[in-house]
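Enquirer: I'll drop the sequence and a predicted model, then ask my questions.
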Amino acid sequence: MSQPQSLPSATRPVSPALTAVLQNLRPGQRIRVIQTVRVGFKEWTTAVTGCYRGFNYLVTGIATDRVPRDDIVVVSVHFIKDNGELSSVTLDENSEIEVER
């Protein structure tokens, strides 16, 4: 079995393992997104669960005359929380997604 290709349109591609999870998710599956947050020297882990809706790319950043190519593209995962709220998170190198069974 070949290794999954990294998601090509992200400024910082997500890991091959996370790419494989994303490529195999189907709308309606229950997922848990786990992220490690760092602020200064403090670090903590947080998780959110819900029903997967899809993923796409979010283009963000600053585009000015000075630096017209200063945009950042991140992978954004969309899901529905248990309370019905539509929600999204962007992925980074500290993100994990688990499929709940």
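Expert: That came through, no problem.
Enquirer: Flag the shaky bits of this protein, pLDDT-wise.
Expert: Regions of the chain meeting the criterion pLDDT under 70 cover residues 1-10, 61-71.
Enquirer: if you set the cut-off to 50 instead, what comes out?
Expert: 1-5 (pLDDT under 50).
Enquirer: Gly54: which element?
Expert: Assigned by DSSP states H and E, Gly54 belongs to strand 42-61.
Enquirer: what about Ala47, how many residues close to it?
Expert: 10 (other CB atoms under 10 Å). For the C-beta atoms, the positions are set from N, CA and C on the backbone; glycine is no exception.
Enquirer: List the beta-bridge partners for it.
Expert: Beta-bridge partners of Ala47, counted by DSSP bridges, are Ile34.
Enquirer: before we move on, back to that, now the strand holding Gly54: buried residues?
Expert: Gly50, Tyr52, Arg53, Phe55 (16 or more other CB atoms under 10 Å).
Enquirer: Kindly report the same for stretch 80-91.
Expert: Buried, per 16+ other CB under 10 Å, within stretch 80-91: Val89, Thr90, Leu91.
Enquirer: can you give me the strands for this structure?
Expert: Under the criterion DSSP state E, the chain contains strands at 30-39, 42-61, 71-80, 86-90, 95-99.
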